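> Next input, structure requested:
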Amino acid sequence: MAELRATAGTDPDPCLTELVEELCSGSDDFRLLWSRHDVKPRTRGVRCFRHWEAGDLTLDYQALSVNSAPDQHLVTYQAQPGSESEQRLALLETFTRPARPPELAAVSAGGGP
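Just a heads-up that it's a prediction; the model follows:
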């Protein structure tokens, strides 16, 4: 609830406002919790993603505040060492590497001039 309130306070999206109003009118428990005005932005946790080619990824994240731009955050993601997600991220990295020129490819493959 505190994270939802933090989001609602920083991103006044009309759809979110409408959702909160609907939940308040339909649930006494929600209305009571919402009226407490607890605010707690989430700064770390775990998120799951599904990449169209690599598959499911489970990554730890940490959000860092940018002091010079209070509405901006730097979010870093990292797979647990040795995890399947780490292997899948390594696979994705191979898709983004530029191709080696033929002369370098021969050297790295054990061939030489």
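> count of neighbours near residue 8?
The number of residues packed around residue 8, counting by other CB atoms under 10 Å, is 16. In short, each C-beta sits where N, CA and C put it, glycine included.
> Check residue 63 too.
Taking other CB under 10 Å as the neighbour definition, residue 63 ends up with a count of 13.
> Repeat that for residue 10.
Applying the criterion other CB under 10 Å, we find 12 residues in the vicinity of residue 10.
> The one 3 residues further on too?
By the criterion of other CB under 10 Å, residue 13 has 10 neighbours.
> May I ask you to confirm that residue 25 belongs to a helix?
Yes - assigned with DSSP: H, G, I helix; E, B strand; the rest coil, residue 25 falls within a helix.
> any idea what sits nearest it, other than its immediate chain neighbours?
Nearest in space to residue 25, with sequence neighbours left out and distances taken as CB to CB, 6 or more residues apart in numbering, is residue 31 at 7.7 Å.
> Assign a three-state SS to the one you found, would you?
Residue 31 falls in the helix class when you classify it by three-state DSSP.
> and it, how far is that from residue 86?
43 Å (CB to CB, to the nearest Å).
> The two: which is more packed in?
More neighbours sit around residue 86 than around the other of residue 31 and residue 86, counting by other CB under 10 Å; the figures are 16 against 13.
> Pull out the buried residues from the longest strand seen in the chain.
The strand that spans the most residues within the chain, counting by DSSP state E, is strand 55-65. Of the residues in strand 55-65, those scored as buried under the neighbour-count criterion (16 or more other CB atoms under 10 Å) are 57, 59.
> For that strand, which strands pair with it and how are they oriented?
Sheet pairing for strand 55-65, assigned by DSSP bridges, gives strand 44-51 (antiparallel), strand 73-78 (antiparallel).
> Kindly report the domain assignment for this protein.
1-41, 43-97 (automatic domain parsing).
> Can you dump the C-alpha atoms of the longest strand of the chain in PDB for me?
Extracted C-alpha coordinates of strand 55-65, given in PDB (Å, rounded to 0.1, in the frame of the first residue of the first chain):
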ATOM      1  CA  GLY A  55      13.000 -16.500 -21.900                       C
ATOM      2  CA  ASP A  56      12.200 -15.800 -18.300                       C
ATOM      3  CA  LEU A  57      14.700 -13.700 -16.300                       C
ATOM      4  CA  THR A  58      14.600 -13.100 -12.500                       C
ATOM      5  CA  LEU A  59      16.700 -10.100 -11.600                       C
ATOM      6  CA  ASP A  60      17.500  -8.300  -8.400                       C
ATOM      7  CA  TYR A  61      17.100  -4.500  -8.700                       C
ATOM      8  CA  GLN A  62      18.100  -1.400  -6.800                       C
ATOM      9  CA  ALA A  63      16.800   2.100  -7.500                       C
ATOM     10  CA  LEU A  64      19.000   5.000  -6.700                       C
ATOM     11  CA  SER A  65      17.900   8.600  -6.400                       C
END
